[in-house]
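Undergrad: Output the structure for:
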Amino acid sequence: MRFGRGPRRPRAIAVTGGVLGALAIGLAGAAAPAGAAVERTHAAARDALRRVEQATTGDPAGGDLTIALRDLAATRSELGPQDTAKANGLLARPSSTGGDEFLSYAGRTEELTCSTRFCIHWVTTGPDAPSLADAKNAAGVAVPGGNGVPDYVDAMLREFETVATKENTDLQWRAPVSDGSTGAVGGVGASGQFDVYIGDIGDDGVFGYAAPETASPANSVHFSAYMAMDNDYSPAEFPSYDDYLVPLQVTAAHEYNHVLQFATDVSFDTWIGEATATWMEDQVYPDGNDWINYLPRWATIPDYPITTFFTPPASGATQTEISQANKVYGSSLFVHWLADRTTLGADGIRQAWNAMETATPEDYAVDALDSRLAPLSSSVSKQFGAFAAATAEWRTAGSGFHDQPLFETYGVPDVTRSALPATGATTPLDHLAYRLYAVPQNGTGSARLTVTAPVGVASSIALVGRTGDALTGTTTVQRTDLPAGGTGTVLLTGLTGFSRVTAVVANTDTRVDVGKGWSSTTGDWTFLADRAQYAVAVGPDTPATDPGTTTTTGATTTTTAAATPTPTATGTKPPVPSTTATTGSTSTTGTTVPKATTLSATTVLAPLRTTRSTIATRLRNHGVARLRRGLTGLAFGAPGAGRLTVTVTSGGRTVATGTTRATGAGRARFTIRTTAAGRRLLKRRSRRRVTLVLRFAPAAGSAQTIRQTLTVRP
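TA: Numbering: from 1, shown residues only. From the prediction side, this is the model:
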C-alpha cells in the first residue's frame, strides 16, 4: 500500500493488497500462515473485516489494505455466515462475478494479451477500457495498421517484462507462485503466466495493487497473487506526472516486488515490505528517483521508529500523523544504506527475505537482516547507529547516501533537530528511533556529549561537526555505541572551525518482547526498550580525555570516541575503542573556515530570476532538440561566493543538470548537461512540459530556490 508522497501533491491512498475470494479456490477455512502478525480469533477476524471495509472506501482508518486483506483471508474461518459472505465479496478477482471492491469486468468481454511471463487482462468498453489506439507492434515500433492490440497494453506488457528481468533474472528473487489455473479468461487467470488486470482505478487515487491469494504448498507462507493497474495514468488523476509511462513503471516495479514478497513470505513485517518495494523501484528504474519524494516527510520524525506502520485516523490527520503513515516508504533509505554501505549489496537484501521464514521470532525482519549482517561482524543495531549519525548532514556530498546529489532538486531538507533537554531532565525514545540536537557553539574549543541510557538498552551517541555549507562541506563524526546502555561520552574538538554542530542520540535496541509478540494496535512488534528514558547533556570538555581514533573517507571524517560508561549492576565493560584506519583525504577536524559575506534573500533571488528567464527563453526558442543536446555558454550573475545548481525535470525524471561555483560576486559560467535518461526521454521529439529548478547556496546566508514550469516545443 502506498500513501501520498511529498513534496509533490500528497497522493491519495494507493492500494497494494487483496486476497482472492474463497469461493474461487476453496481458501475458506484454510490454515493461516504462521506469521506472528496474524491473530486467529473471532475478534481479530471481525477487526480485519472492518479494516478492509474502511480501506476500500478510502477511509484511512482502515490502514494498510495489504495487511488488512491478508489478515481477513487468514482468519475468515473464524467469521459467522453473514460476515463470511461479506468477506467473500471483498476478496474477489476483477474477472469474477462482481469483481473486487475496486475493479469488475462483470458483463463485458475480457481480452487477454500475453508474453512469456505475463498476461494482461483488459476490456474494450466502459470506463475500465484503456485507449484502443493501435499504431505500433508489440515492440513499440510504428507499423501500418498496428498489431491488433492497443499500444497501451503493449507498453504495459513491455514494462512488466523489464521489471521481471531485473527482479527475477538479475536480482534472482523467487518467481511468483503459480495460481494453478488452466483457464485463459473469465476464471482465475491465465495458464502459466502472471496475471495483471487493467482498469480505471486511478479515479480513486489508486496507482495499483498486488493481491496475495492462496498458499502453495498448503499452510506455507508462499502465496500466489495477481495485480491490478490503472488504465491510463492520466495527468488528470495523477497530476504529479505528465507522462503516463513514469507512474506505470514505478507502480509495476513496486507492486511486482510485493508479489515476489508474497511468494517468499507473505507474513512479512509491514515496514520491510514497503521499504524494500520502494527500494526496488530504484533498482529497476534508477533514473526514475521517485522514492526520494518520501524523504521530506521522513526527515520530520526521526524519533518515530522505522519499523512502525502508523494508521492515521478516519479524518483530520495532522501533518505529523501523515508523516508517520509515510515513514515506512521513506525508510527505503535505510535499505539503500544496508545495500550500499555494507557488503550486503542487493543480493544480501534478497537473502534476508529468504531468511525471514526461519527468523526468531518467526518472520521478524530485523533478525533476518541480522543473519546476513552477522558474517560482516555487524547488525541492524550497529548499522542504525551509524545511519542515524550520518543523517545529521545527509545533504553533504560526502554523506554517502543513495542519490544524495538529487536531494536538493527534490527539496529534501535537513533532518529535524530538537532543543537539548533541560539539565537533569530525561526524554523518552523508542526502538530504532533517534533525535538530533542542535548544539550551540559557545566559543569554546571543544564539546563533550554525555548521555545516560537505561541499563541494557543498546544505544548510539555522536557529535557531528560540519565544516562549510550544507551541500559541499565536510563532516566530522565522533560516535560510540553503548551496546548495554549506561553512561557514555564523546568529545568533539576544534569547534571554532565548524559551521554547525549536532548531537545524535539513537535507541538502537532491537529486542522483541516475545511474550507479547505482535501488536495490531501499533502495527509493529512489542519491543522491550520502548519509551527508554535518556539523559542528555552537552558542555565544554573538562576532563582530560583521549578523543578517540579517527577514520577519514573522502569528504567525511568519522571518529569513534572512547566511551566511558558508568559501572552497572551487570558489570558491563566499556566498549573497546576502534583502531585507527585512514583512507582518502586527511582529517578536516579543527579547520578554520574563512567567513564569507552574508547574502540576503533579496540579493540572491534577483540573479536567480534573471538566469531562470534566460534559460526559459532559450528553451522556448530552440525547443526539445536543443535541450537534448544540452545548453552551453550560460552565465550566472553571482551575488557573492556560493554554488548554483540548475535542474531540468520532466515527468518526474531529471533530464538535465548544471552547476557552477562562484568564489565571489561576478559572472560565473556553466553548462546544463542532459543525462542519459534525459536523452532517451527527449528523443521522442514531442512537446515536453519541463520544470526548471534553480538553487543558489551562498557561503554565508540562506539558500534560495525558485522554480518555473513551461512547455517546450519539439
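Undergrad: residue ranges with poor pLDDT in the stretch 201-350 of the chain?
TA: Applying pLDDT under 70 to the stretch 201-350 of the chain flags residues 204, 314.
Undergrad: List the residues that contact residue 699.
TA: For residue 699, the contacting residues are 468, 469, 596, 640, 641, 642, by C-beta atoms under 8 Å, 6 or more residues apart in numbering. (C-beta placed from N, C-alpha, C; glycine too.)
Undergrad: Also residue 471?
TA: Contacts of residue 471 (C-beta under 8 Å, 6+ apart): 395, 396, 397, 408, 643, 645, 697.
Undergrad: tell me the two of those residues that are most distant?
TA: 396 and 645 (13.9 Å; C-beta to C-beta).
Undergrad: Okay, buried residues for the longest helix anywhere in the chain please.
TA: Counting residues, the longest helix found in the chain (DSSP state H) is helix 601-629. Residues 603-605, 607-608, 611-612, 615-616, 618-619, 623-624, 626-628 are the ones in helix 601-629 that count as buried (16 or more other C-beta atoms under 10 Å).
Undergrad: Going along the chain, name the strands of the stretch 601-714 of the chain.
TA: 631-638, 642-650, 653-662, 666-674, 688-698, 704-712 (DSSP state E, counting those that start in this stretch).
Undergrad: Mind putting those strands into CSV with mean neighbour count and distance to residue 502?
TA: Conversion of the strands of the stretch 601-714 of the chain to CSV gives the following (neighbours: other C-beta atoms under 10 Å; distance: least, C-beta to C-beta, whole Å):
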stretch, mean neighbour count, distance to residue 502
strand 631-638, 17, 29
strand 642-650, 23, 22
strand 653-662, 21, 25
strand 666-674, 16, 31
strand 688-698, 21, 18
strand 704-712, 15, 23
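Undergrad: quick one, which of these is nearest to residue 144?
TA: Using C-beta to C-beta, the nearest of the strands of the stretch 601-714 of the chain to residue 144 is strand 688-698, at 27.4 Å.
Undergrad: Using PDB, write down the CA coordinates of that closest one.
TA: Provided in PDB are the C-alpha atoms of strand 688-698 (Å, rounded to 0.1, in the frame of the first residue of the first chain):
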ATOM      1  CA  ARG A 688       7.500  18.400 -23.400                       C
ATOM      2  CA  ARG A 689       6.400  20.100 -20.100                       C
ATOM      3  CA  VAL A 690       9.500  20.700 -18.100                       C
ATOM      4  CA  THR A 691      10.300  22.300 -14.700                       C
ATOM      5  CA  LEU A 692      13.300  24.500 -14.100                       C
ATOM      6  CA  VAL A 693      14.700  24.400 -10.600                       C
ATOM      7  CA  LEU A 694      17.400  26.900  -9.700                       C
ATOM      8  CA  ARG A 695      19.100  27.000  -6.300                       C
ATOM      9  CA  PHE A 696      21.900  29.200  -5.000                       C
ATOM     10  CA  ALA A 697      23.500  28.200  -1.700                       C
ATOM     11  CA  PRO A 698      25.700  31.100  -0.600                       C
END
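Undergrad: how big is the angle separating it from strand 653-662?
TA: 30 degrees (axes from the mean of the first three to the mean of the last three C-alpha atoms, to 10 degrees).
Undergrad: mind checking how far the strand or helix carrying residue 272 is from the chain centre?
TA: Assigned by DSSP states H and E, residue 272 belongs to helix 270-284. Taking the mean of its C-alpha atoms, helix 270-284 sits 7 Å from the chain's own mean (C-alpha atoms, centre = their mean, to the nearest Å).
Undergrad: ok, then the element right after it?
TA: Taking DSSP H and E, what comes next after helix 270-284 is helix 295-298.
Undergrad: by contact count, what packs against that following helix?
TA: helix 319-330 (3 or more C-beta pairs under 8 Å, 6 or more residues apart in numbering; DSSP states H and E).
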